[in-house]
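**Q** Attaching a predicted model along with its sequence, questions to come.
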Amino acid sequence: MATDSPKQDVGVGDYQYGFHDQTDTYTFKSRKGLDEEIVRQISELKKEPQWMLDFRLEAFKIFEEKPMPNWGGDLSQLDFQDIYYYMRASDNQERDWDDVPEDIRKTYDRLGIPEAEKKYLAGVKAQYESEVVYGSLQEDLANQGVIFTDTDSAMKDHPELFREYFGTVIPSNDNKFAALNSAVWSGGSFIYVPPGVQIDFPLQAYFRINTENMGQFERTLIIVDEGASVHYVEGCTAPTYSSESLHSAVVEIIVKKNARCRYTTIQNWSNNVYNLVTKRAMAYRDSLMEWVDGNLGSRLTMKYPAIYLMEPGARGETLSIAFASEGQHQDAGAKMVHCAPNTSSRIISKSISKDGGRSSYRGLVKVDKNAKDCKSNVVCDALILDPESRSDTYPYIEVDEENVVIEHEASVSKIAEEQLFYLMSRGLSEVEASSMIVTGFIEPLVKELPMEYAVEMNRLIELQMEGSVG
Amino acid sequence: MTSLLKIENLHVNVEETPILKGVNLEVKAGEIHALMGENGSGKSTLAYALAGHPKYTITQGTVELDGAKLNDLDPSERARLGLFLAFQYPVTIPGVKVADFLRHAISNIRNPARKEGEGLVPMREFRKELKEQMGSLDMKTEFARRYLNEGFSGGEKKRMEILQLAMLKPKFAILDETDSGLDSDAVRFVSEGLTKLTGPEMGVMIITHHERLLQYNIPQYAHVMMGGRIVETGDASLAEEIHNEGYTALRERHPEAAAEQEQVEAVTQ
């Protein structure tokens, strides 16, 4: 039974998604821990072709060889042998919410997904633990050749398209967690937008972890063909447990000539989740790739969405918001790699730290030799709400070409006593006043979001601020 | 019952330095008081201490609004009881729209028991009122969508203070050098705006160096501060005397207070 009693929420603090359902009817649950046998088991269960098994085994080897990163956040408490690598709660992916198992459906009801789908989404994928349990796509989009499916199905149903692009943007040996994902990946979204097709409403994926010590390793691949455009949105939540869960995704995006892709994340994992994600896009001639990355949850996030500007005229933009509260470290940022002349990039990062939370901006702007006349503009602003909290900035700039314009601005501010006093002298309580200052601080980013997400983002920030003062 | 703001033997420290040394003053609804004095006399300190700035510590004495003691209340609670301070230097709040801020503010002031997250004044009602008040202060409606004081000129900031005063309708308004740094047109706008708002329901304390604001809003009482105390109280003619002759004569009449004021200036500069 899903736990609807409000009492269940007591003890999980201000995090409203901390409930879990009592599903114990998993159709498959791997044993804890990771070895070659588990990797083989996952591949066998999914009845994969030999090449994918080989790909997984190769990646597993790389994962074992690569050391843990010694930078970023504290990973010393992360125990790879204390995690479930694969769990299947339902054997089928449904097209009607009524066919989704009741406990799971109730979870998504509480998260408001079916309601949002009716109002403003062009398609939805809902992933629960390791597999996608629900999927929909508007019929007219399907008729225009748009593919929006889970990544496992894409491998089976569109093998040529899949194999042409899978693993080409982020190779398994990119980093330890990309290797881990490549070895044990399951689920995620596969999107193909044919040339010239503009999708007006967002496609949304919703990722949910339900079990303690669960590892979720979705793999997303998005191909936006010439002149096409898409906005993809992902949301993530998990129950609050005392021990850790791991989310380690790989997201690969190809944005072809004149195409546009916007990828929005509202990450709101509970504070026991390690969120170690590799995201990268390749942007070709005159295309536009945008990452809008909101990190509100997790215990530790290490995530630096990257854009490789491959051909002249390509533009890349990352808008990043991080909110680190008690027990949280948000190590987030962006990477822009200018591989061709006349490419431009912009990074805007805003971070907020409170109640001892720590947020770090870590970013790279790289300009290859001969990538003349490139422009890059980086602005990162940090707001620190109390003396216990911390903010750091690690901007890296590597330029191998002289004819470029690179701008970097950074600021760190504290909520000024004078601002609080001014607002309070107009009758706002201390909590309202701080919350208003924080909302104002991220306003320039939030106003870039579609209205529904802007409202959601502001609501989440307000929830984070409640009870934080006094 | 006529509202009463009562200040009794008020002593205030800023950090460790004593600035106010026993201020006594009563302001009733419907009255206009002018509070004058040189730099360092304690005028602005009195304003901040009344509004409840955390750096201004009351060490002795009391402030009461209609019998409710304000000493231990935070700025929000004081505002909800009906106290308003128009700032000499209004603070910029980036990203916060004037309309959003004002809607929150009036919701709390009109429903002092309101808690965070409870309903706000209905949008339609709020917009109508805001539009009317902005019209009567000759402000463009686009101000409502701008970020609070961000990129405002000196005159625009002061007009925004008067707009807040108009929307919040306090029992007592303290205007801290609202006329300073403005050209004569801006002073006229602010002064006329204030004239429209004052009436039998509101008590006003105008802190000023000059008497420009007072030409439009003639005070019944004028007080002169020196060395952290009110040393003289008169009517509008006292304000006029200071305007014409400066503080020299006053310093000679109150040599002790003048000496103390010089000491404080030496410490705080």
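**A** Done, it's in. Source: prediction; values computed, not measured.
**Q** Contact partners for residue 173?
**A** You didn't say which chain, so I picked chain A. By CB atoms under 8 Å, 6 or more residues apart in numbering or on different chains, the contact set of residue A:173 is A:62, A:66, A:179. Backbone N, C-alpha and C define where each C-beta goes, glycine included.
**Q** To clarify, I was referring to chain B.
**A** B:84, B:85, B:86, B:165, B:197, B:202, B:203, B:204, B:205.
**Q** Skipping its backbone neighbours, what lies nearest residue 192 in space?
**A** No chain in the question, so chain A it is. Leaving aside its chain neighbours, residue A:192 sits nearest to residue A:147 (4.1 Å; criterion: CB to CB, 6 or more residues apart in numbering or on different chains).
**Q** actually chain B
**A** residue B:216 (6.3 Å).
**Q** quick check: domain ranges of the chain?
**A** Just going to use chain A. Annotated domains of chain A cover A:21-303, A:418-470 [automatic domain parsing].
**Q** ah, I was thinking of chain B
**A** Split by automatic domain parsing, chain B gives B:4-88+B:168-268, B:91-151.
**Q** Can you give the contact residues for the host helix or strand of residue B:103?
**A** Taking DSSP states H and E as the definition, residue B:103 sits inside helix B:98-110. For helix B:98-110, contacts defined as CB under 8 Å, 6+ apart pick out A:423, A:426-429, A:432, A:436, B:76, B:79-80, B:93, B:114, B:119-121, B:123, B:126-127, B:130, B:143-148, B:160, B:163-164, B:167-170.
**Q** Of those, which belong to helices?
**A** A:423, A:432, A:436, B:76, B:79-80, B:123, B:126-127, B:130, B:160, B:163-164, B:167-168 (DSSP state H).
**Q** quick one, what contacts residue A:212?
**A** The neighbourhood of residue A:212, defined by CB under 8 Å, 6+ apart, consists of A:239, A:241, A:243, A:245.
**Q** Any idea how many residues pack against the closest residue to chain B within the stretch 101-250 of chain A?
**A** Taking CB to the nearest CB, chain B has its nearest neighbour within the stretch 101-250 of chain A at residue A:112, 18.2 Å off. When neighbours are defined as other CB atoms under 10 Å in any protein chain shown, residue A:112 has 13 of them.
**Q** contacting residues for the residue lying closest to residue B:259 once chain neighbours are set aside?
**A** The shortest distance from residue B:259 to any residue other than its chain neighbours is 7.4 Å, reached at residue B:227 (CB to CB, 6+ apart). Taking CB under 8 Å, 6+ apart, we find residue B:227 in contact with B:21, B:41, B:42, B:254, B:256, B:257, B:258, B:259, B:260, B:261, B:264.
**Q** Could you measure from residue B:227 over to chain A?
**A** 26 Å (CB to the nearest CB, to the nearest Å).
**Q** Kindly report the same for residue B:43.
**A** Taking CB to the nearest CB, one finds residue B:43 at 17 Å from chain A.
**Q** Determine the three-state secondary structure at the closest residue in space to residue A:241 that isn't next to it in sequence.
**A** Among residues not flanking residue A:241 along the chain, residue A:212 sits closest, at 4.4 Å (CB to CB, 6+ apart). Three-state assignment for residue A:212 (DSSP: H, G, I helix; E, B strand; the rest coil): coil.
**Q** Just the strands from the stretch 351-470 of chain A, written as ranges.
**A** A:358-367, A:374-384, A:390-399, A:404-414 (DSSP state E, counting those that start in this stretch).
**Q** for the stretch 51-200 of chain B, same thing?
**A** So, for the stretch 51-200 of chain B - with DSSP E, counting those that start in this stretch - the strands run B:56-65, B:68-69, B:83-86, B:172-176.
**Q** of all the ones you listed, which lies closest to residue A:372?
**A** strand B:83-86 (55.5 Å; CB to CB).
**Q** What is the neighbour count of residue 163?
**A** Answering for chain A, as no chain was given. What residue A:163 shows, counting by other CB under 10 Å, is a neighbour count of 14.
**Q** let's do chain B instead
**A** A count of nearby residues for residue B:163, using other CB under 10 Å, gives 21.
**Q** need the contact list for it.
**A** Residue B:163 neighbours (CB under 8 Å, 6+ apart): B:102, B:133, B:134, B:137, B:139, B:143.
**Q** which residues touch the spatially closest residue to residue B:197 that is not a sequence neighbour?
**A** Leaving aside its sequence neighbours, residue B:197 sits nearest to residue B:166 (CB to CB, 6+ apart; 5.5 Å). Contacts of residue B:166 were listed using CB under 8 Å, 6+ apart, and they are B:133, B:136, B:137, B:193, B:196, B:197.
**Q** Grab the nearest non-local neighbour of the fourth one.
**A** It stands for residue B:193. Of all residues beyond its chain neighbours, the one nearest residue B:193 is residue B:162 (4.4 Å), with distances taken as CB to CB, 6+ apart.
**Q** Residue A:148 belongs to a strand?
**A** Yes - checked against three-state DSSP, residue A:148 lies within a strand.
**Q** So in terms of bridging, what pairs with the closest residue to residue B:170 other than its chain neighbours?
**A** Leaving aside its chain neighbours, residue B:170 sits nearest to residue B:84 (3.6 Å; criterion: CB to CB, 6+ apart). For residue B:84, the beta-bridge partners are residue B:173 (DSSP bridges).
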